[in-house]
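Chemist: could you look at this predicted model? Sequence included:
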Amino acid sequence: MIRINTENYRDEAIKGINDPVLQKALADLQVRFGRGTAEAYRNLPEGPGLRRKAHEIRMKAVENLDILLERLSEKIRARGGHVFFAEDADAAVKYCLETARKHNVRLAVKGKSMTTEEIGLNNAFAAAGIEIAETDLGEYIIQLAGEHPSHIIAPAIHKTRSEIGLLFSEKLKIPFTTDPETLTRAARKALREKFLSAGMGISGCNIACAETGHITVVSNEGNIRMSTTLPKVHVAFMGMERITARLSDHDILFRLLSRGAAVQKMAGYVSYIGGPRQAGHADGPDEFHLVIIDNGRTKILADEEFREMLCCIRCGACLNVCPVYGKIGGHAYGYAYSGPVGAVVTPLLVGINRAKDLCLGETLCGACKDACPVDIDLPRMLLLLRSKLADGDSKWNAGRENTGEKMLYGIWSEIVQRRWAYDAMLGLSREGSRLFTGKDGMISSLPFFLQGWTESRDMKPPARKSFMRQWKKLEKQRRVK
Amino acid sequence: MNDYGQAKFLNNIRKALRVDCKRVCPDLFCRQSAEESMLTIDRISSRPHSLRLLLLEKMIEAAKPLNLNVIPVKTLPEAAQEIIKLASEKKPEWGDEESVVLWKHPLIEEMNIVEILRERNIAVIFSNQPDTGQTERDRLVKESAGSFIGITSADYCIAETGTLVLKTAPGNERIVSLLPSIHVAVIKLEQLIADFKELYTLLDKNLENDPEWIENGMTFITGPSKTADIEATMVHGAHGPRELYIYVVTGTC
Ligand code: SF4
């Protein structure tokens, strides 16, 4: 049920690179958000160093996760809410489906949530014959088109206004238009009806607060407020790490999240939700369920070298600066999470070997670390994943990707440790390379595994005499003089 | 007893962290020092009128790029007049009937706007009638969905970002600031604070007096609903209100 296509990285990446619409959209996105975010950090009254502080807050939460989750669930249950702990995707999906069946839900409205993408909730509901309407405009467009999101924050960046115009005229039966305002109105109207008739609202959770026992949801459109306020049942999904200890931690975290996600000083709507409708209130759902999801996260938690990844607040800022994402787009990453965050998280969640291309594809330029509002060292972890692919790691069930390469480097290290062996090898390659030198004095094709070197360029053959030999000769001549 | 998977789940976390369930982390929930928070709260409560007006100016600046209208008025009746004017200029978005939905709030009651609206044949809907059962909820949702204006106050308003902070309470429903096409908020100048740091200090203080101060909900609203999902073009009124007006009552002095 869960869509994992990480094996198709190369094909999807090529598709992305050859799609001119996507290329333009990605370039625009990166100019607008990438640069804006860096500037927004500089303009913080506390300076960009605030990101380090945020990192510490997140890390402390991660290291005390058990205490925080216990407190959160206690508080929510005290207000009459339900809390379910799901060890994997199946358990989470099953719980939500059962809740929907219990209430005879035919239609559920959903606010954007990458966690529900991760666990494949939409497919499961579809299979059970219950409609889930995506309500974020971008997600709605993608859903109507039968596609998958290509960016965490801007899921429909790969679609042009005329494509959307055509889609809406066909599915919503409105006259064709390319005017974003008219198209937005059409979606507003169509989704309004869904909000008012849906039996269940589904949301994610940005950063819960343990102290007071609230989840928080953030949006600009107001769709998440609708989904969490109007239907009689609200089910919220949160990755177990999306929590902080104190209410006041949100000061720094939300300010940074808003800057990282969309270069805003504060997101349009931030809602704290702590349970169902209270006695005397005429507002909110009658039932509130929080599903806390592990789905591979304790494994990340257990590895201190990767633990830092759980600080992530899924803002998408790293996508907006990544030169690789900026070319290949989000679909290549083959799972809910794309860009640098996906390149680290996805291998850890679905298997390092299975998603190997994701971390091998990134360039290690370091831009993502500078863009991250919680200062996560993504490049370090990308490198670490690569070393697992090279050496294997039983803890992660990671096998060596390329035994030939490994062997070769083993031999190489033996050679470079011995002067005579090194010299002999140089001599050999000098002689050998002559065999492949063409009339123009260049090497333009090498055999076997060496061909990679000459595939896209010619190489000069090594000098007839090595530098060391020439040097020695010169020294001798000098002394003679 | 069914603990909904909690014990096992938390145990897995402890194993991963290699910690004991009996451990204590004394400063985990520690708030900022009492002294620092006292200073901040003092600063807010003793902020002179002139400085508050400066904050208001700052907010008006911050509001511009957000398409948020911040309008200073001297008195509550003046705010009422402005709102009436607004109502006469705007057309309902859904259907032809003009209706306004209101919070039950002292500031709004003091404004005496209900009579004037009714005189102009604009239907008035109150949130939270005494019967707060299921039917009341359904009524409110249905009626608010057709309203073209929703009037609320706020608990606080943040100058730096133009953010309204609204706690959910009986009579102060979230729907009122969400379903109508236009959201109007009326606040007093004294409710204006500088930034989020001040807000969280105040919230901490409220929690100290009453740990359940937030109850089941609180919303921050910064500008009207917006989206840029179609070719990154900004459009207001994706799902929530298309327009937002904040009237700040500055007093006559
Ligand atoms: S890794 Fe950092 S920048 Fe990337 S999504 Fe997570 S928090 Fe945002």
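Modeler: Thanks, I have the structure now.
Chemist: and stretch A:279-289, what's its mean pLDDT?
Modeler: Here stretch A:279-289 scores 90 as its mean pLDDT.
Chemist: list the buried residues of it.
Modeler: A:281-285, A:287-289 (16 or more other C-beta atoms under 10 Å in any protein chain shown). From N, CA and C alone the C-beta is placed, and that goes for glycine too.
Chemist: and that stretch, end to end?
Modeler: 18 Å (C-alpha to C-alpha, to the nearest Å).
Chemist: so, low pLDDT: which residues of the chain?
Modeler: Chain wasn't specified; assuming chain A. Scanning chain A for pLDDT under 70 picks out the ranges A:1.
Chemist: my bad, chain B
Modeler: Using pLDDT under 70, chain B drops low at B:1, B:128-134, B:253.
Chemist: can you add distance to B:Thr135 and secondary structure and give the buried residues of stretch A:279-289 back as TSV?
Modeler: Formatted as TSV, the buried residues of stretch A:279-289 follow (distance: C-beta to C-beta, whole Å; DSSP: H, G, I helix; E, B strand; the rest coil):
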residue	distance to B:Thr135	secondary structure
A:His281	14	coil
A:Ala282	10	coil
A:Asp283	14	coil
A:Gly284	16	coil
A:Pro285	16	coil
A:Glu287	17	strand
A:Phe288	20	strand
A:His289	24	strand
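Chemist: ok, so of those, who is nearest A:Ala92?
Modeler: A:His289 (10.7 Å; C-beta to C-beta).
Chemist: now do the contacts for that closest one.
Modeler: Taking C-beta atoms under 8 Å, 6 or more residues apart in numbering or on different chains, we find A:His289 in contact with A:81-84, A:95-96, A:99, A:233-236.
Chemist: ok, and which of these reach chain B?
Modeler: Among the contacts of A:His289, proximity to chain B is found for A:82-84 (C-beta under 8 Å from any C-beta of the partner chain).
Chemist: from the residues you listed, pick the one nearest chain B.
Modeler: A:Phe84 (4.6 Å; C-beta to the nearest C-beta).
Chemist: that closest one reaches B:Asp3, doesn't it?
Modeler: No - with contact defined as C-beta atoms under 8 Å, A:Phe84 does not reach B:Asp3; the gap is 9.9 Å.
Chemist: just to revisit the earlier point, mind picking the two most distant members of the buried residues of stretch A:279-289?
Modeler: Largest pairwise distance in these, by C-beta to C-beta, is 20.8 Å, between A:Ala282 and A:His289.
Chemist: report the buried residues of the longest helix along chain A.
Modeler: If you go by DSSP state H, chain A has its longest helix at helix A:180-197. For helix A:180-197, burial by neighbour count (16+ other C-beta under 10 Å) applies to A:180, A:183-188, A:190-192, A:194-195.
Chemist: from B:Leu192, how far out is B:Glu57?
Modeler: Per C-beta to C-beta, to the nearest Å, B:Glu57 is found 11 Å from B:Leu192.
Chemist: looking at those two, which one has more neighbours?
Modeler: Shown here are B:Glu57 and B:Leu192; by other C-beta atoms under 10 Å in any protein chain shown, B:Leu192 has more neighbours (24 against 13).
Chemist: partners of the more buried one in the sheet?
Modeler: B:Cys157 (DSSP bridges).
Chemist: which of the ones next to chain B among the contacts of A:His289 fall within strands?
Modeler: Using DSSP state E, A:82-84 are the members of the ones next to chain B among the contacts of A:His289 that sit in strands.
Chemist: who's more crowded, A:Phe84 and B:Asp3?
Modeler: It is A:Phe84, of A:Phe84 and B:Asp3, that has more neighbours when counted by other C-beta under 10 Å, with 24 against 13.
Chemist: for that one, what are its contacts?
Modeler: Contacts of A:Phe84 by C-beta under 8 Å, 6+ apart are A:92, A:95, A:289-292, B:4-5.
Chemist: among those residues, which are in helices?
Modeler: Reading helices off the contacts of A:Phe84 with DSSP H, I get A:92, A:95.
Chemist: identify the farthest-apart pair in the contacts of A:Phe84.
Modeler: A:His289 and B:Gly5, at 13.0 Å, using C-beta to C-beta across the contacts of A:Phe84.
Chemist: spell out which parts of the stretch 1-150 of chain B neighbour chain A.
Modeler: So far as C-beta under 8 Å from any C-beta goes, the stretch 1-150 of chain B lies against chain A at B:4-6, B:8-10, B:12-17, B:19, B:21, B:25, B:28-32, B:62, B:94, B:127-129, B:132, B:134, B:136-137, B:140-141, B:145.
Chemist: now the residues you listed: which count as buried?
Modeler: By 16+ other C-beta under 10 Å, the residues of the stretch 1-150 of chain B next to chain A give B:4-6, B:9-10, B:12-14, B:16-17, B:19, B:28, B:31, B:62, B:127-128, B:132, B:136-137, B:140-141, B:145 as buried.
Chemist: one step back: dump the ones in strands among the ones next to chain B among the contacts of A:His289 to TSV, plus distance to the ligand.
Modeler: Output for these, formatted as TSV (distance: C-beta to the nearest ligand atom, whole Å):
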residue	distance to the ligand
A:His82	29
A:Val83	25
A:Phe84	25
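Chemist: which one of the residues you listed is nearest A:Gly146?
Modeler: A:Phe84 (30.3 Å).
Chemist: got the phi/psi numbers for A:Asp393?
Modeler: phi -160, psi 110 (degrees, to the nearest 10).
Chemist: same question, the one 3 residues further on
Modeler: When read as degrees, to the nearest 10, the backbone of A:Trp396 gives phi -100, psi 10.
Chemist: mind giving me a markdown table with the buried residues of stretch A:279-289 and columns for distance to the ligand?
Modeler: Below are the buried residues of stretch A:279-289 laid out as a markdown table (distance: C-beta to the nearest ligand atom, whole Å):
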| residue | distance to the ligand |
| --- | --- |
| A:His281 | 34 |
| A:Ala282 | 37 |
| A:Asp283 | 32 |
| A:Gly284 | 29 |
| A:Pro285 | 29 |
| A:Glu287 | 31 |
| A:Phe288 | 27 |
| A:His289 | 26 |
